[in-house]
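Chemist: need a 3D model of the following:
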Amino acid sequence: MASWGSLGFQDSASPLMEQLIYFHDHTMFILLLITSLVGYILINSALNSLTNRFLLENQTIEIIWTILPAIILIFIAMPSLRLLYLLDETNTSSVTIKTMGHQWYWTYEYSDFLDIEFDSYMTPTSDLDSHMFRLLNVDNRTIIPMNTQIRLIISAADVIHSWALPSLGVKADAVPGRLNQISFMINRPGMFFGQCSEICGANHSFMPIVIESTSVDSFLNWASSNSAS
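Modeler: Numbering: from 1, shown residues only. Got it, this is the predicted structure:
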């Protein structure tokens, strides 16, 4: 979770989010260099009473400020395309989960196990304990084994919702009558919070997402106990 007054992204919990943060920092560094250079030229031109005659018509400068932006765009485009293909990569998944968006809660179904299906509603403020987060805690968390490739199939029963988890770097629309798919892997244990990111009605801000990452053994124990019930 991000803390009050913090800047930047939440701490990454997946390899994809680590790459997204790296690309953001890489691009911001280039933007700072460009902003500093352009700002220096503008301030220098504004403070000088006489215009530098070399800036009025100079073929060398025109060649430089035509080629240089093209080179900069290449340094931005190459890691961007690499990351785009990584985000679309669908590896062989070990666990498949189907989630349905409703007004205003989520339903989860573990396709690889028998009879594991539950609704996930936001915990009312009156039922919160001191360690819980208001508007982010749910009554039934989604348990996922860490260091395991997860395939999430997303749809909706009524209107368009959006399943988003910032710390994993994933976001996908839940569209009625259509199946969307995302793939991710969590590389550390913990609880990770998200929310519906599509304006889906009056209670749009009251359908949070909570993922709990555990060890494989803990997940299998949880799955066996829930399948038996």
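Chemist: center of this protein, which residue is that?
Modeler: The residue lying closest to the centre of the chain (C-alpha atoms, centre = their mean) is Gly169, at 2.5 Å.
Chemist: for the nearest residue to that residue once chain neighbours are set aside, give me its contacts.
Modeler: Leaving aside its sequence neighbours, Gly169 sits nearest to Met17 (C-beta to C-beta, 6 or more residues apart in numbering; 3.5 Å). To be clear about C-beta, it is placed using only N, CA and C from the backbone, and glycine gets the same treatment. By C-beta atoms under 8 Å, 6 or more residues apart in numbering, the contact set of Met17 is 9, 166-169.
Chemist: quick one, strands of this protein?
Modeler: 95-102, 105-110, 117-120, 142-145, 149-156, 161-165, 170-174, 180-185, 190-196, 208-214 (DSSP state E).
Chemist: sheet partners, orientation included, of the fourth one?
Modeler: In other words, strand 142-145. strand 208-214 (parallel) (DSSP bridges).
Chemist: for the partner strand, what is the average pLDDT?
Modeler: Across strand 208-214, pLDDT averages out at 93.
Chemist: quick one on the thing from earlier: what's the most buried one of the strands of the chain?
Modeler: Most buried of the strands of the chain, by mean neighbour count (mean count of other C-beta atoms under 10 Å): strand 161-165, with a mean of 24.
Chemist: the inter-axis angle of that strand versus strand 105-110?
Modeler: For strand 161-165 against strand 105-110, the angle by axes from the mean of the first three to the mean of the last three C-alpha atoms, to 10 degrees is 70 degrees.
Chemist: centre of the chain to strand 161-165, how far?
Modeler: How far strand 161-165 lies from its chain's middle: 9 Å, per C-alpha atoms, centre = their mean, to the nearest Å.
Chemist: mind listing residues that contact that strand?
Modeler: 99, 101, 106, 152, 154, 170-174, 182, 192-198, 200, 207, 209, 211.
Chemist: hmm, back to that, dump the strands of the chain to TSV, plus distance to Ile30.
Modeler: Output for those, formatted as TSV (distance: least, C-beta to C-beta, whole Å):
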stretch	distance to Ile30
strand 95-102	37
strand 105-110	38
strand 117-120	41
strand 142-145	35
strand 149-156	33
strand 161-165	27
strand 170-174	25
strand 180-185	28
strand 190-196	30
strand 208-214	33
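Chemist: residue boundaries of the helices in the chain?
Modeler: Counting by DSSP state H, one finds helices in the chain at the ranges 15-47, 59-88, 216-228.
Chemist: which among the contacts of Met17 end up buried?
Modeler: 166-169 (16 or more other C-beta atoms under 10 Å).
Chemist: right, and out of those residues, which lies closest to Val216?
Modeler: Comparing the buried ones among the contacts of Met17 against Val216 with C-beta to C-beta places Leu168 closest, at 18.1 Å.
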